Structure formats: structure tokens, C-alpha cells
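Participant: Next input, structure requested:
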Amino acid sequence: MANQLRKSKKIFYGWWIVLAGTIVNAVATGTYWHGFGAFFDPIVDEFKWSRALTSIAPALQRSEGAAFGPFVGISIDKFGPRNVMLFGIILCGIGFITLSHTNSLLWFFISTSILTLGLTFGTFLVVSTSVANWFIQKRALALSAASTGSGFGGFLVPALIWLISIQGWRNSLEIIGIAFLVIGIPCALVMRSKPEDYGMFPDNIDPKELKNPKSVLEKNYGTKEALKSPTFWTFATVLGISQLMMSANVHLIPALTSFGFTRQVAGYIIGIGVNITNFIGRILSGLFGDRLNKKHILTFAFFSQCLGLIIFSYSTTIFELIFFMFFWGLGFGLSVPTRLAITGDYFGRTNYGTILSLIMTVGSIFGVISPVAVGWGYDVLGNYREPFLILALISSVSIPGMYFIKPMDSKSK
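Facilitator: Down below sits the predicted model:
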């Protein structure tokens, strides 16, 4: 039966996992990771909370992701990605719906906590682990394809702003919660663990049928072995520093409105302009990630993001924002799938989910800081320009940090 599966003309099942993951990532990105910025001003306007206080919600997403991230990897190994994702998707739906009924700061934090757990167990980490387990030679391409969902999701932001304008932020959150369940549950049912469990091979390639079987061999490191290595801690810290820039994206739309642009224009810039280059970056990552040194790609990606953020902090016209959109979006798009692929290259598939979740845990510590710090900077300084400029300068440490990282077995790499 395994031979029939390999020799059949049917599409390799790994690509169906990629497709399902792409859809889930698109919904999660469009409604929360990029989309929460669309809810930020309406919530602040209604409750008159400070921006630093309101920013705790996206910070909770990072902090609870850090706390529960390792359990996601363990849960995937024990219960399988399908069951873990189902659990997460259901929590996401509940989280969005309960968030729509916010009437106090406590309820706001409880709702975002539920939503955070759902996102942690039901989206990015589960998808990345499943895809990475089904591919080796085409890992960068597959992860890039799955991550294009985040690029597609960004295009939903203008539609989200429009929905809020006609339905209000509460009804919009209820609609999103229901949509998350309707779309996410079928996608979760597609997820599977390693291909070997189903009589198949990564990339649909049987090493015995190759003239050079070594071409698909990989080195797998144990979790304890990885944690004892300088490579793990350096890699996780560098990615964490770069995460400072990504986690502050909740303030991009509010920042643009403070610069004098309308919410609609801000939505088009972040939801369409940035995501066009974001999408291009993800495609380029898939095309070249398996051919070029992934470490060099990430180094360039971090440089591009830092440059884009510096331009953003000085922008006063659409013309200047075009350069921001190009550099920031391109760097963002290049970095996400490449960091996932290089994790598999450095540490292997056997403990990929657990190791990736631990790396994300370290990164989440940095991710907690930036949304609150930028919001606090606005409350104190009265503008977003200086906080974003400081953020870009601090994040620039990730550029040389990534370039000088060495794999655990540098001789074999």
C-alpha cells in the first residue's frame, strides 16, 4: 500500500497539510496578528484606557504563548497535531466571541487569555511542526507556502476596518469567532503527524530508491542536547531580539493615524501595501530558501526590517511610506518561513515541535516587551516616532547576531 501511495498520481498528502495550514494562518493573521490593530483605537476610544494598558492584550498573547509553547510541542508528540489544533481552534472561536462582550478590563484580559491559548495551540506552531515533519529537501518551500497564509491574511485588514465601520467592533468580533470555527475545524481535521506513521516518506521520496540516499539524511538532536548547546541559546536570543519589531505591529495602524493619515489609508498601507511585499518575501523564501544559506537570508531580512522601521518613524508622506512598505514587508516575509526552516536544518525533525516551541518561548519574552513599551512610549512622549526609532535601533543587534551563528555541527554544515 505504501508503494501504491508513493507511485500514485495523487498529490503528496504533505501538500494538503500545507494548504490547510495556509488557510488557518491566513485567518489568524488577518483577524488578530495584524488585525487586532484595527480594534485598538475603537476599544481605547470606548473605554478610555491608556495605550500601554490596552497593549497588554497583545502582550498576553506573547507571554502566554511563552508559558504554554513547550506544552504545545509535547502535546503534538503525544496527541497528534490534529487533536491539538482542534482544541486550539475551538478556544479561538470562544475567545473572539467572549472578547466581543467585554465590559471591563478584567473581562478584556480573560478573553484575550482564552484567545491566546487558542492561537498558541491551534495555529502557527502546530502548522509549522506538521509541515516540517512532512518535508526535508523541500522544507523551505513547504514552510514558505504555508506561511503565505499570513501574507494573504494581511489583505483582510482593510476589509476588517470596513466591517468594524458598519457593524461595530463587538459584532465584528462575534462574526470572526464564528468564522474561525467554521473555517478552522475542517482544516484541523487535515493535520497529520510524521509521514512514516502512514507508510510514506518525507517529500514523498524513498531513500532506498535514490542513487544518493545520503541526500535525504538529516541529523536529529534531542531536546536536552539542544538546550545544552550554545547554538540553541544564541539562535533563540537573536530571533527574540528580532521579535521586538514584529510584536510591535499592533501599533502600526494607530501610529499612522497619529501621523495624520486616516484609518482607511492606514488600513490600506498595512493591510495591502505591506502585505504585497510581505507576500513577495515569503515567495522568495520558498524559491531560494533551499538553495542559499538560510542564515544569510535571515541576516538580510533583519536588516531590511530595521531599515523599514527607521523609515517608518520619520515618515510624513505616502511617498516615504512606500519605502517603509517595501523594506519592512520584504524583511517580514523573508524571515518567518526561513526561521522555521533553519530550525529544522539545525536540530532535525525528531524533536522539532518541542525545540521550536522552546525557541518561540524565548522569543515570546521579547515579544511581551515591545507592544507595552511602544504604548508606554506614546503615553509618555505623546508620539509614536521616537518609540519606533528606539525599537529599530535595539533590534538591529539581531543583524550581526544572526550572521555569526554557527550550527551545532558546523563541520557537517
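Participant: Just the buried positions in stretch 288-303, please.
Facilitator: By 16 or more other Cβ atoms under 10 Å, the buried positions in stretch 288-303 come out as 288-290, 294-295, 297-303. Any C-beta I mention is one placed from the backbone N, CA and C, and that applies to glycine too.
Participant: List just the nearest of those to Gly367.
Facilitator: Nearest to Gly367 among these, counting by Cβ to Cβ, is Phe302 at 15.1 Å.
Participant: picking up where we left off before, need the max-distance pair from the buried residues of stretch 288-303.
Facilitator: Between any two of the buried residues of stretch 288-303, the greatest separation by Cβ to Cβ is 21.6 Å, found for Asp290 and Phe303.
Participant: before we move on, the earlier item: kindly reformat the buried residues of stretch 288-303 as CSV containing distance to Ala28.
Facilitator: Conversion of these to CSV gives the following (distance: Cβ to Cβ, whole Å):
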residue, distance to Ala28
Phe288, 26
Gly289, 22
Asp290, 26
Lys294, 24
Lys295, 28
Ile297, 24
Leu298, 23
Thr299, 27
Phe300, 26
Ala301, 21
Phe302, 23
Phe303, 27
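Participant: so of those, which ones are in helices?
Facilitator: Restricting the buried residues of stretch 288-303 to those inside helices, with DSSP state H as the criterion, leaves 288, 294-295, 297-303.
Participant: Can you tell me which of those residues comes closest to Leu181?
Facilitator: When these are ranked by distance to Leu181 (Cβ to Cβ), Ala301 comes first, at 33.9 Å.
Participant: what's near enough to touch that closest one?
Facilitator: 281, 330-332, 334-335, 338 (Cβ atoms under 8 Å, 6 or more residues apart in numbering).
Participant: So what touches stretch 23-37?
Facilitator: Contact with stretch 23-37 is made by 57-58, 61, 85, 89, 92, 96, 115, 119, 122-124, 127, 146-147, 149-150, 152-157, 160, 176, 179-180, 183-184, 187-188, 249-254, 270-271, 275, as judged by Cβ under 8 Å, 6+ apart.
Participant: Does Gly164 touch Ala38 like I think?
Facilitator: No, residue 164 isn't Gly; it's Ile. Yes - with contacts defined as Cβ atoms under 8 Å, Ile164 counts as touching Ala38 at a distance of 6.0 Å.
Participant: More neighbours: which of these two?
Facilitator: Neighbours per residue (other Cβ atoms under 10 Å) separate Ile164 from Ala38, with Ala38 holding more: 30 against 21.
Participant: mind pulling up the phi and psi values for that one?
Facilitator: Recorded main-chain torsions at Ala38 are phi -70, psi -30, according to degrees, to the nearest 10.
Participant: Let me see the contact set for it.
Facilitator: With contacts defined as Cβ under 8 Å, 6+ apart, the neighbours of Ala38 are 157, 160-161, 164, 253, 263, 267.
Participant: ok, which stretches of the stretch 101-250 of the chain are helices?
Facilitator: Applying DSSP state H, counting those that start in this stretch to the stretch 101-250 of the chain gives helices spanning 105-122, 124-134, 139-154, 156-190, 223-227, 230-247.
Participant: between these, which gets the lowest average pLDDT?
Facilitator: Per-stretch averages of pLDDT across the helices of the stretch 101-250 of the chain put helix 139-154 at the bottom, with a mean of 81.
Participant: and it, what other elements does it pack with?
Facilitator: Contact partners of helix 139-154 among helices and strands, from 3 or more Cβ pairs under 8 Å, 6 or more residues apart in numbering; DSSP states H and E: helix 13-28, helix 124-134, helix 274-288, helix 318-347.
Participant: okay, those helices in a markdown table with distance to Leu389 next?
Facilitator: As requested, the helices and strands packed on helix 139-154 are arranged in a markdown table below (distance: least, Cβ to Cβ, whole Å):
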| stretch | distance to Leu389 |
| --- | --- |
| helix 13-28 | 29 |
| helix 124-134 | 28 |
| helix 274-288 | 18 |
| helix 318-347 | 13 |
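Participant: wait, which of those helices is closest to Ile76?
Facilitator: Comparing the helices and strands packed on helix 139-154 against Ile76 with Cβ to Cβ, the closest turns out to be helix 124-134 (5.5 Å).
Participant: What are the contacting residues of that closest one?
Facilitator: Applying Cβ under 8 Å, 6+ apart, the set of residues contacting helix 124-134 is 13-14, 17-18, 20-21, 24-25, 28, 69, 72-73, 76, 81, 84-85, 88, 139, 142-143, 146, 191-195, 202-203, 340-341, 343-344, 349, 352-353, 356-357, 360.
Participant: same question, stretch 40-47
Facilitator: 49, 51, 54, 102, 105, 108, 164, 168-169, 250-251, 253-254, 257, 263.
Participant: From those residues, pick the one nearest Phe312.
Facilitator: Proximity of the contacts of stretch 40-47 to Phe312 (Cβ to Cβ) peaks at His251, which lies at 10.5 Å.
Participant: Which residues are in contact with that closest one?
Facilitator: Contacts of His251 were listed using Cβ under 8 Å, 6+ apart, and they are 37, 40, 51, 55, 371, 374-375, 378, 384, 388.
Participant: what about this protein, any weak spots by pLDDT?
Facilitator: 1-9, 56-69, 207-218, 410-413 (pLDDT under 70).
Participant: could you check the distance from Ser50 over to Gln137?
Facilitator: 50 Å (Cβ to Cβ, to the nearest Å).
Participant: Over to Thr29?
Facilitator: From Thr29 to Gln137 the distance is 27 Å (Cβ to Cβ).
Participant: Can you give me the neighbour number for the residue nearest to Phe39 when sequence neighbours are not counted?
Facilitator: Leaving out its chain neighbours, the residue that sits closest to Phe39 by Cβ to Cβ, 6 or more residues apart in numbering is Trp169, at 5.3 Å. Using other Cβ under 10 Å, Trp169 has 21 neighbouring residues.
Participant: more neighbours, Thr29 and Gln137?
Facilitator: When neighbours are counted by other Cβ under 10 Å, Thr29 and Gln137 differ, and Thr29 comes out ahead with 25 against 14.
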